[in-house]
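*Asks:* any chance you could fold what I've pasted below:
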Amino acid sequence: MKAWLCGLDDEEMASVSSVLTFVGIDHSSSFTAFRLPDFVVLGKGIQSFELDEFIPIISLSDSLEVNGEYPVWLCPLPWRSQVFSSILKEVQQLRTLPQPSGVNLNLHVRHLEALLIRQALVSTQGVVSKAAQNLQIQRTTLIEKMRRYNINKSEF
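*Replies:* Numbering: from 1, shown residues only. Reported below is the predicted structural model:
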């Protein structure tokens, strides 16, 4: 199993890292260290969190505001072996079950749409009317989408 450690202070990092190393879980504070971690450990300083992927969350705080459908466990330090091992078993089970939320199609469509708009603007050197023609949409529609995705034509 692999864990991403996010927002941990030095004391939390030392404590969590030693426990994860002891139970044989690879961990890193860099999200790109793994293709996709099996779970995320959030420091107690993080009060809200959102990810694009369905990943279980273990929070070191007593409360957490989560934007999305993630399984969340509030598990302040120090970790007790029985509590932590039961959480790890649940995380392991989630890995083997089909994900109930599947793919967030709206999120992926928005990312793809923004990417295609940027590519069209690059190919037309920022000329919105030509980019709209390439995308086969109205110029006003393209302008509205550029506003929605915070795309500025001067970048191109």
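*Asks:* use CA for all of it now, contacts and neighbours both
*Replies:* Will do.
*Asks:* can you map out the helices along this protein?
*Replies:* Along the chain, the segments classed as helices by DSSP state H run 10-22, 81-96, 105-123, 128-135, 139-148.
*Asks:* out of the ones you listed, which one sits most buried?
*Replies:* Across the helices of the chain, averaging neighbours per residue (mean count of other Cα atoms under 10 Å) puts helix 128-135 on top, at a mean of 18.
*Asks:* so what does that helix touch, helix or strand wise?
*Replies:* helix 105-123, helix 139-148 (3 or more Cα pairs under 8 Å, 6 or more residues apart in numbering; DSSP states H and E).
*Asks:* who wins for proximity to residue 155 among the helices of the chain?
*Replies:* helix 105-123 (8.8 Å; Cα to Cα).
*Asks:* contacting residues for residue 7?
*Replies:* 42-46 (Cα atoms under 8 Å, 6 or more residues apart in numbering).
*Asks:* check what pLDDT it gets.
*Replies:* Residue 7 is assigned 87 on the pLDDT scale.
*Asks:* which among the helices of the chain is found nearest to residue 50?
*Replies:* In terms of Cα to Cα, the element of the helices of the chain nearest to residue 50 is helix 105-123, at 12.5 Å.
*Asks:* CA atoms only for the closest one, dumped as CSV, please.
*Replies:* Provided in CSV are the C-alpha atoms of helix 105-123 (Å, rounded to 0.1, in the frame of the first residue of the first chain):
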residue,chain,number,x,y,z
LEU,A,105,-17.5,12.6,-15.9
ASN,A,106,-18.3,16.3,-15.3
LEU,A,107,-14.8,16.9,-13.9
HIS,A,108,-13.1,15.0,-16.8
VAL,A,109,-15.2,16.8,-19.4
ARG,A,110,-14.3,20.2,-17.9
HIS,A,111,-10.6,19.3,-17.9
LEU,A,112,-10.8,18.1,-21.5
GLU,A,113,-12.8,21.1,-22.6
ALA,A,114,-10.3,23.5,-21.1
LEU,A,115,-7.4,21.6,-22.7
LEU,A,116,-9.0,21.7,-26.1
ILE,A,117,-9.7,25.5,-25.8
ARG,A,118,-6.1,26.1,-24.8
GLN,A,119,-4.8,24.0,-27.7
ALA,A,120,-7.1,25.9,-30.2
LEU,A,121,-5.9,29.2,-28.8
VAL,A,122,-2.2,28.1,-29.1
SER,A,123,-2.7,27.0,-32.7
